[in-house]
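# Structure, please.
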Amino acid sequence: MQYIQYYESPLGKILLGADDQGLTGLWLEGQKYFANYLDPEHEEKECEAFEKTRTWLDLYFRGEKPGFLPPIHMIGTAFQKRVWEILLDIPYGEITTYGKIASQIAEKMGLAHMSPQAVGGAVGHNEISIIIPCHRVVGSSGSLTGYAGGIDKKIYLLTLEGVDMSGLFRPTKGTAL
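Model (predicted):
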């Protein structure tokens, strides 16, 4: 059984989803793939994962590095989970590229090459945004492309974390505008 709660953030209302193992979703209102893996049979109920997630989000939106993760339960394919685990290793206030993540995955899988586009697909389907920091991934050219929550929200989150935005730019065309 999955549960839901809402959190009011500087970015608007956030829907939280959880089960008995941990947080299963954190969706910004209006984001692409909103509540993709939320069980239709869910109920609004308090649980430990929500309490810890609200504490994490309160710290984060005050501009502090939370220093812990709430319990999370990733729901997705094996490949998606592998990508999301790498996202968890991107330090607060830093960014990486889809290409660098693709190289890491290729190395771990013993492959000569991995498609940055395949990585982008997995990053874009991250159900636990902000906490699993998909906003910290940019194009190799510095393009801020690829955030399901929208480019303005990605810019807000990166700025909140103190990322140097001087080499980054807003894309003029693409799927994540």
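# Need the residue closest to the centroid of this protein.
Centroid-nearest residue in the chain, with C-alpha atoms, centre = their mean: Ser129, separated by 2.8 Å.
# measure that one to Ser143 for me?
Counting by C-beta to C-beta, to the nearest Å, the separation of Ser129 from Ser143 is 19 Å. Yep, even glycine has a C-beta here, placed from its N, CA and C like the rest.
# Give me the spatial nearest neighbour of Tyr37, chain neighbours excluded.
In this structure, Tyr37 finds its nearest non-sequential neighbour in Ile75, 4.6 Å apart by C-beta to C-beta, 6 or more residues apart in numbering.
# For Leu59, see how far away the residue nearest to the centre of the chain is.
Distance, Ser129 to Leu59, using C-beta to C-beta: 17 Å.
# can you pull the buried residues of whichever helix in the chain runs longest?
For the chain, the helix with the greatest residue count under DSSP state H is helix 48-61. Neighbour-count burial for helix 48-61, with 16 or more other C-beta atoms under 10 Å as criterion, is recorded at Ala49, Phe50, Lys52, Thr53, Trp56, Leu57, Tyr60, Phe61.
# got it, and stretch 8-26?
In terms of neighbour count (16+ other C-beta under 10 Å), stretch 8-26 has its buried residues at 9, 11, 14-19, 22-26.
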